[in-house]
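Peer 1: Predicted model and sequence follow; I will ask about them next.
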Amino acid sequence: LLTFFIVPVLALEDKSVRASLGRSGSIFQQTWGETLIMNFSLGLFFMMLYILVIVLMGVTVFFGANNVPLMIVGLTALILLMLIIAVVQSALSAIFKVVLYEYAANGKIADSFTPELIIGALTKKEAPAA
């Protein structure tokens, strides 16, 4: 937990590794609620995507048992899809870490990220009344 914000601190502040570790820990303490919500929300969303891809792999193996070349192509495509999902997950996680770092360190949210956008990304939307 102390190292959660270590990369933004190392990249954006001119501090030693030891000082960055302490700063990362203090930023985590300031934003622990937002950090946990962000990690849980992103983790849950991407876990569902991974489960979907794994189910599709199982379906591909089941229905492709009689056609091995087609099964290999399908599994290769699904493995590439899983790698793309992993890259997107990593990028989004890094972006949210930097946004939370900026909020905790400087008390401001980047222009591209309005408070409504951040809150909207982390809360359940209600259906409009008819």
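Peer 2: Good, I have the coordinates.
Peer 1: For the biggest helix by length in the chain, buried residues please.
Peer 2: With DSSP state H applied, the helix covering the greatest number of residues in the chain is identified as helix 68-106. Under the neighbour-count criterion of 16 or more other CB atoms under 10 Å, helix 68-106 has 71, 74, 78, 82, 89, 96-105 buried. (C-beta placed from N, C-alpha, C; glycine too.)
Peer 1: Let's verify the most far-flung residue of the chain relative to its centre: helix, strand, or coil?
Peer 2: With distances taken as CA atoms, centre = their mean, the residue sitting farthest from the centre of the chain turns out to be Asn66, at 37.8 Å. Reducing the assignment at Asn66 to three states with DSSP: H, G, I helix; E, B strand; the rest coil gives coil.
Peer 1: what does Leu2 give?
Peer 2: In terms of secondary structure, Leu2 is coil; the call rests on three-state DSSP.
Peer 1: where in this structure is pLDDT low?
Peer 2: Regions of the chain meeting the criterion pLDDT under 70 cover residues 1, 110, 113-130.
Peer 1: Tell me which residue lies nearest the centroid of it.
Peer 2: Among the residues of the chain, the smallest C-alpha distance to the mean C-alpha position (CA atoms, centre = their mean) belongs to Ser93, namely 3.5 Å.
Peer 1: Give me the number of neighbouring residues for the nearest residue to it once chain neighbours are set aside.
Peer 2: Beyond its immediate neighbours in the sequence, the residue positioned closest to Ser93 (CB to CB, 6 or more residues apart in numbering) is Leu42, lying 6.0 Å away. Around Leu42 there are 16 other residues, counting by other CB atoms under 10 Å.
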